[in-house]
Structure formats: structure tokens, C-alpha cells
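Chemist: All I have is the shape, not the residue letters:
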């Protein structure tokens, strides 16, 4: 998506370890108008798929999921990162590792929010190694709901999490795929 | 707001310690259509205030803020709860206590996202003791931006955080104010 690629080029900065910082529009300050535009593109890509719910994980995935849901007229469910005191009843849980924060955590969803009538689109802001998305896929598979696919804002193609998911037969649509970062220059997949 | 009060009555449940659980539409599963409707009411309440940015705090505040921003055509900034590796540069920080999770944490915003041109509306899903909102107010006051007021989905009036903020001269608009919970019966402020 050209609009998003342009914003990554003009506003993104690259930190050590090829961490891409897009805090000015995606995950600290949020350009909701851009997110709604991205939502319209995702709606077009998944047209006819009759998605009922968007599943994401806290925290920065929530903004993307909410904007997409506003356009696609669906509900949102977000997985929580701990078993907090506000989670009760039947839960689905998946142990996950975060490379960004270098820790393990439980991703938790209450079972009743993913029903046999639901067709789920998994949404997140970033896809790198694919740990978070794999856990969300695992959560949908533990539920009675059906997985339609995944939609991501920015995929770091050189970390191959997206391609591994695609090799498993899961539909993954990323609005911008970065294939390499060399000498501070970002190259997108065509 | 009658629509929201009705949902609290029909779907909310009361946990020990008068914790109100509204995970089916506000902070686990999210009814984005309801949030957009709430955003239209907040837009009406703050008409003419020329709000440029909505400030909230992760995680569940992000959904409310994103939906409100979609309606009000503003940007969102969300405070992060730790100094994560993705935060760099000049930051504004406020130490906060969470009654829900019974812990202390740093609320952090990059300074450059709250400028002298910004008129800020603080948004959150819940207002109880007012710790989170007080910290967000403190962050705006440490910045060059101007505070317009606060808009909250559900205020627990019997915990008085909202009234204390109002006594300080801060405009606080809550779409539903619960004044008491007795024998499982929720009473709203008129």
C-alpha cells in the first residue's frame, strides 16, 4: 500500500537490531485517518469472506483492529497479555515469547468471545518472527471459530515469520512488506 | 448516555470489590459500533473546542480513543506503561498506581507528540479513583499542550475520582456514571 510505504520512508527511523520505529503514526501517536484508509484496503482484500470478528493482542494492535473494525463493521476481541484479575470463566491461553521485550507471557482470551458462528480475521501492527500471530492462530484453533486469515500493517519480510505462516496455508496480507534494510535504506517487496 | 447504560445493565456483571465487568463490549470484546456512537456524543459535548489530539493510556483506553478519534477527526497518542525499548528521546513520565492490578508503574509519553499547537482531550474506558486520569492530566501539564478536558466511558461515581478532578476545575464528561451498586443493582447518576 503506497500511502503506508511513503509514511514509513518519510517518518520511520531504524534503531539497532533493525527495529523500525513508527511511533509518529502507528504505535505511540496514531494517525487514525491513515488506519481507516488501511482498513478500507483490508476490507477490499477480504471482500466476500464474511468476517464477523477481528482478533488482536494488546497493546498497539488494538488501535489497528479498532480502525479496521470501524470500516469493516465487525466486533474486536483483544487477547490480554497476563491472566489479570478481570479475566474469569473459561479461557483459551497460549504461551508466547516477545523478541522486542525479551520475555515470555500468556496470551489469554475468554472462550465465549470466539464462537462457532465467528469468522476471524487476525490483525496486528507488526509481523516479524511471527510469534504473536502464531499464538493468535493457535488461540483461534483452540476455539470453535473459523480462521479467515491475517492482516498486518507492516511485515518485516527478512525475519520470515509471514512466509512461514503462508507456507502453513494461512492467508497473510501485509500492507507493507520490508524485504531489507541496508545502510538505513528500506526496500519494500513488490 | 442511555444506550451505554442499557448495555451496562444487560451485559455487565459485578465482581467482588464492586469491580464492574463489561468485557463483552468495552474492554475485552469491543463493540466498535457502540464506541463510534459514544464518540459522536463526545464530539457533540466538546463541540467548538478544536481538539487536535486524544490522549489515553494502554491498553483498553486505546480502543475507546481510536473510535472517538475516527469520529472527531483527531490524532491519538497513548501513554505506555513502562519505559520499553521502543521509547527514546525526550520523554514525559508520571509515576502511577493501579488499584486493579495493585502495582506501581511509569506512564510515559514522548514529548514531541504533545506540542504547543495541541488541544488535548484525555480519554479512558473507566474512571474510578482517578489515578490514571490524574497521571494523564499531569503529563499534559508537563507538556506544552493545552488540556481541554476528559471524556470517559464509565465513571464509578462512588469512588469519587471524577468529582475530585471536577473540583480542581477540570472538565470531566462521563457517558455513564454509576453512583451505587447495592445487592447487585446498579444505580446511575441522573
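Modeler: Cool, the structure landed. Predicted, not measured: the structure shown is a model, and the values here were computed from it.
Chemist: Let me know the secondary structure of residue A:68.
Modeler: Look at residue A:68: counting by DSSP: H, G, I helix; E, B strand; the rest coil, its state is helix.
Chemist: I'd like the distance between it and residue A:76.
Modeler: As judged by C-beta to C-beta, to the nearest Å, residue A:68 and residue A:76 stand 8 Å apart. Every residue, glycine included, has its C-beta placed from N, CA and C.
Chemist: what do these two both touch?
Modeler: Each of residue A:54 lies in contact with both residue A:68 and residue A:76 under the rule C-beta atoms under 8 Å, 6 or more residues apart in numbering or on different chains.
Chemist: State the distance from the most centrally placed residue in chain A to chain B.
Modeler: The residue at the geometric middle of chain A, judged as the C-alpha nearest the mean C-alpha position with C-alpha atoms, centre = their mean, is residue A:124 (1.4 Å). Spatial separation of residue A:124 from chain B under the definition C-beta to the nearest C-beta, to the nearest Å is 13 Å.
Chemist: Find me the pLDDT at the residue lying closest to that residue once chain neighbours are set aside, would you?
Modeler: Spatially, and ignoring its direct neighbours in sequence, residue A:124 is nearest to residue A:61 (4.6 Å; C-beta to C-beta, 6 or more residues apart in numbering or on different chains). Confidence at residue A:61, expressed as pLDDT, is 97.
Chemist: In this structure residue A:61 contacts residue A:125, no?
Modeler: Yes. Under the criterion of C-beta atoms under 8 Å, residue A:61 lies in contact with residue A:125, with a separation of 5.7 Å.
Chemist: neighbour count winner among the two?
Modeler: Neighbours around residue A:61 and residue A:125, counted as other C-beta atoms under 10 Å in any protein chain shown, are more numerous at residue A:61. The numbers are 27 against 22.
Chemist: Please give me every residue in contact with that one.
Modeler: For residue A:61, the contacting residues are A:78, A:123-125, A:132, taking C-beta under 8 Å, 6+ apart as the criterion.
Chemist: which regions of chain A sit below the pLDDT cut-off?
Modeler: Low-confidence segments of chain A (pLDDT under 70): A:83-89.
Chemist: ok, the closest residue to residue A:156 other than its chain neighbours to residue B:47 distance?
Modeler: Spatial nearest neighbour of residue A:156, chain neighbours left out: residue A:128 (4.4 Å); criterion: C-beta to C-beta, 6+ apart. Using C-beta to C-beta, one gets 42 Å for the distance from residue A:128 to residue B:47.
Chemist: would you turn the contacts of residue A:61 into CSV with secondary structure?
Modeler: Listed next are those as CSV, based on three-state DSSP:
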residue, secondary structure
A:78, strand
A:123, strand
A:124, strand
A:125, strand
A:132, helix
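Chemist: Tell me who's in contact with the closest residue to residue A:90 other than its chain neighbours.
Modeler: Nearest residue to residue A:90 in three dimensions, chain neighbours excluded: residue A:111, at 4.1 Å (C-beta to C-beta, 6+ apart). Neighbour list for residue A:111: A:89-92, A:143 [criterion: C-beta under 8 Å, 6+ apart].
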